[in-house]
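# Any chance you can model this:
(chains A and B)
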Amino acid sequence: MLNINDLHVQLEEEDKQILKGVNLTVEAGKVHAIMGPNGSGKSTLSYVLSGRDGYEVTGGEATLDGEDLLDMEPEERAAAGLFLAFQYPVEIPGVGNMTFLRTAVNAQRKARGEEELSAADFLKIIRERAKALKIDADMLKRPVNVGFSGGEKKRNEILQMAMLEPKMCILDETDSGLDVDAMKLVAEGVNALRNEGRGFLVITHYQRLLDHIKPDVVHIMADGKIVKTGGPELALEVENNGYADILAEVA
Amino acid sequence: MGEAATKPNPTEDRLATLTMPSNGWADEARKAAAARVREMGLPGRRDEYWKFTRPDTLVQLDAPQAALFHNDEAPLFGEMDRLKIVFVDGVFDAAQSDDLTMSGVRIDRLADSADIHWAADLYGTLEANGHYVQRPLAAMNTAYATDGVLIHVTDKAEKPINFIYLHENETSDAILHHVVKLDAGAELTLLETGPAAARFNKCMEVDVADTATFHHVRAQGRDHERRAATHIFARLGTESVFKTFTLTVNGRLTRNECVVELTGDDAVAHVAGACVGDGDFHHDDTVFVTHDALRCESRQVFKKVLRNGAVGVFQGKILVKEGAQKTDGYQISQSLLLDDDSQFLAKPELEIYADDVACSHGSTSGAIDEEALFYLRSRGVPADIATDLLTLAFLAEAVEEIEDEDLRTALVDRLQGWLERHRG
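As a prediction, this is how the structure comes out:
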């Protein structure tokens, strides 16, 4: 599904290499986790895949179901089925959450040549999916993420994911800023979306999120590369011993 | 020196092109106004109050030609039940207007009204009082206005009144003067729509008595080549409410001045506006709110969206007179600059002579929030639609000043249409 091949990326504004040859394949139906110390390039990878400005790809490729992601505008990547749950969801005063979601859902449907959802159908679906994430009507009416708590923002990300039904979901430190209960709720939301056609890439610092969203494969990233790949036990190793041992081992 | 007789005098030259109408009861007010213009002189480039806006085309002898604009949209507020008063190039058109009778309101035409006592007391009075800063174009209007209506609201008006302006002559030069008087407890919503003339000088005096409520919603546009100078002078009695909102779309030069005096305790005045301009567009909001009573509230909320070299100006002042304690004054002016060529010039002013007041003001210029834009796009919203959403969001604070939801929705529709036609 998601194929990343020898991806090299540097910052546009300064001559600084962040990703130095990332290789990664996420298959449909699988959950891959990426762990790694601060500054290893995890978030950069998620931004580059979703098309954020400020990065220059200097080598390699990234495809989603064979389509070249790096050549697309961010909205085209979304329509192709890519979704990034932001580490810091953006507040947008003046744009209602519901308006935003309906515009997004219908824009994607239109881009894929599908029929737009009617207001009534949309309302029915969003109410049901919001309820599962304990998002009330008031949160749907408020401007996007404005005045939301950390937990509410992350739940709102998962709601967007549930509404947009992407093929490939990237979660960038979705556990940051969450207490245990909020994390459980978010993880339940993610697990409910797991199916055989959908791939997940979960970026996290900590093992604890992976207790709730059980990964099939765990990658360790350091200094712009995937340095080790293993099963769920690799996350436990990090939790117990930190990154130092692993990094020493691969050095 | 000593050559005063041959020195060019733009004011005299301009006034010489105008004829002062005579309708008895207003003659004295007109003559006094003409004397005021002569004393002040018409605005020139060096006048401090015209520092950001060149008055040349507003004062030159003839109206600069303006191509007629053929609107392809349905009439604004067309679905609403309202009393229509139509002016074609600044001349009242009885045939296109509704019957001017309505319960709670008496409407007369300025040009043919016989002696109207209440109007004789008011015509030119609020304008004459409004010159803390000189407003010679308003005085010229009082002196030479050829048409307009006098509206006396004695009760709750049955429905809104809509001034509909039509522009059918490429060089029309219209001077209109309206007077609105609301008796105690009376209520009126006044709507103004449509391009008025190639050059438009309009003055409206509004006297809002105790506990009366006046709502004013105006849409200027979408004519591209208009030049307009408009003035609103309002006087507010105790516990009265005055709310005015202006949407401006296109126009080479628009200067909207609003002068409000809060003279009765606990009165409320909201002056708001949103404008969108692309290219050869210059829009100036000049507002002066005077607090001269206890516990009054005033808000000035202005938002401007500018692109391709468009220019926005805001000059807003809150004057709190001695003794006007517990004043609550608020002023915000913001621009969204969609490129580097556009500019916003703001001069917020506070002048306060009372010691127990809350007054705040702010002014900002900014671009589209790139973070928000990326967030929207990452969810599949195309860049142009995402930009429109963010632009409407920027304008929302001003648009929300309009209380009536139907009016608000109608204006947001117009804004949406403009944004779609003017994508980068």
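# right, and B:Leu188 touches B:Thr154 too?
No - B:Leu188 is not in contact with B:Thr154 according to C-beta atoms under 8 Å; the separation is 10.2 Å. (Each C-beta comes from the backbone N, C-alpha and C, glycine too.)
# now the helices for chain B?
B:10-16, B:27-40, B:56-59, B:117-122, B:125-129, B:136-144, B:370-378, B:383-399, B:405-421 (DSSP state H).
# contacting residues around residue 190?
All of this is about chain A. Shown in contact with A:Val190 (C-beta atoms under 8 Å, 6 or more residues apart in numbering or on different chains): A:Ile158, A:Met161, A:Cys169, A:Leu171, A:Thr174, A:Phe200, A:Ile213.
# Wait, chain B was what I had in mind.
Counting by C-beta under 8 Å, 6+ apart, B:Leu190 touches B:Ile151, B:Pro160, B:Ile161, B:Asn162, B:Phe163, B:Val180, B:Phe214, B:His215, B:His216, B:Val217.
# Tabulate those (JSON lines), appending neighbour count.
Formatted as JSON lines, these follow (neighbours: other C-beta atoms under 10 Å in any protein chain shown):
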{"residue": "B:Ile151", "neighbour count": "24"}
{"residue": "B:Pro160", "neighbour count": "20"}
{"residue": "B:Ile161", "neighbour count": "24"}
{"residue": "B:Asn162", "neighbour count": "24"}
{"residue": "B:Phe163", "neighbour count": "24"}
{"residue": "B:Val180", "neighbour count": "24"}
{"residue": "B:Phe214", "neighbour count": "24"}
{"residue": "B:His215", "neighbour count": "20"}
{"residue": "B:His216", "neighbour count": "22"}
{"residue": "B:Val217", "neighbour count": "27"}
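# quick check, nearest of the residues you listed to A:Lys20?
Nearest to A:Lys20, judged by C-beta to C-beta, of the contacts of B:Leu190 is B:Val217 at 59.8 Å.
# Counting only helices, which of the contacts of A:Val190 make the cut?
Counting by DSSP H, the part of these found in helices is A:Ile158, A:Met161.
# Make CSV out of the contacts of A:Val190 and add neighbour count.
Formatted as CSV, those follow (neighbours: other C-beta under 10 Å):
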residue, neighbour count
A:Ile158, 25
A:Met161, 23
A:Cys169, 26
A:Leu171, 29
A:Thr174, 27
A:Phe200, 26
A:Ile213, 22
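# just the residues of chain A that are near chain B, which are they?
A:50-53, A:73-75, A:77-79, A:83-84, A:86, A:89-95, A:99-101, A:103-105, A:107-108, A:111, A:143-144, A:160, A:164 (C-beta under 8 Å from any C-beta of the partner chain).
# Buried only: go through those residues for me.
The neighbour-count criterion (16 or more other C-beta atoms under 10 Å in any protein chain shown) marks A:50-52, A:74-75, A:77-79, A:83-84, A:86, A:89-95, A:99-101, A:103-105, A:107-108, A:143-144, A:160, A:164 among these as buried.
# now, which of those residues lie within helices?
Using DSSP H, those in helices are A:50, A:74-75, A:77-79, A:99-101, A:103-105, A:107-108, A:160, A:164.
# ok, the residues you listed vs B:Leu15, which is closest?
Of all those, A:Thr99 has the smallest distance to B:Leu15: 52.9 Å, by C-beta to C-beta.
# Excluding residues flanking it in the chain, which one is nearest the closest one?
The shortest distance from A:Thr99 to any non-neighbouring residue, by C-beta to C-beta, 6 or more residues apart in numbering or on different chains, is to B:Leu389 (7.6 Å).
# do B:Ile402 as well
In this structure, B:Ile402 finds its nearest non-sequential neighbour in B:Arg408, 4.4 Å apart by C-beta to C-beta, 6+ apart.
# list the contacts for the residue of the stretch 1-150 of chain A found nearest chain B?
As assessed by C-beta to the nearest C-beta, chain B sits closest to A:Gly94 within the stretch 1-150 of chain A, at 2.7 Å. A:Gly94 is in contact with A:Pro143, B:Leu390, B:Leu392, B:Ala393, B:Phe394, B:Ala396, B:Glu397, counting by C-beta under 8 Å, 6+ apart.
# Format these as CSV; extra columns: distance to B:Met204 and pLDDT.
Below are the contacts of A:Gly94 laid out as CSV (distance: C-beta to C-beta, whole Å; pLDDT from 0 to 100):
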residue, distance to B:Met204, pLDDT
A:Pro143, 35, 95
B:Leu390, 34, 96
B:Leu392, 29, 95
B:Ala393, 31, 95
B:Phe394, 28, 96
B:Ala396, 27, 92
B:Glu397, 25, 90
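# Which one of the residues you listed is nearest to B:Thr146?
Distance ranking of the contacts of A:Gly94 against B:Thr146, using C-beta to C-beta, places B:Glu397 first at 38.0 Å.
# Verify the contact between the closest one and B:Val301 for me.
Yes - contact criterion C-beta under 8 Å: B:Glu397 and B:Val301 qualify, at 6.1 Å.
# Could you pull out the residues contacting both of these two?
In contact with both B:Glu397 and B:Val301: B:Ile332, using C-beta under 8 Å, 6+ apart.
# neighbour-wise, which of the two wins?
Of the pair B:Glu397 and B:Val301, B:Val301 is the one with more neighbours under other C-beta atoms under 10 Å in any protein chain shown, namely 21 against 17.
# thought the more buried one was touching B:Ala398?
Yes - at 4.9 Å, B:Val301 counts as touching B:Ala398 under the criterion of C-beta under 8 Å.
# Need the overlap of contacts for the two.
With C-beta under 8 Å, 6+ apart as the test, B:Val301 and B:Ala398 both reach B:Ala272, B:Gly273.
# so what's the residue in chain B that chain A sits nearest to up against?
Nearest to chain A, among the residues of chain B, is B:Ala393, at 2.7 Å (C-beta to the nearest C-beta). The contact partners of B:Ala393, by C-beta under 8 Å, 6+ apart, come to A:Ile92, A:Pro93, A:Gly94, A:Val95, A:Pro143.
# measure the third one to B:Ala111 for me?
A:Gly94 sits at a distance of 44 Å from B:Ala111 (criterion: C-beta to C-beta, to the nearest Å).
# What is the neighbour count of B:Ile318?
Around B:Ile318 there are 25 other residues, counting by other C-beta under 10 Å.
# Please consider this matter closed, and thank you.
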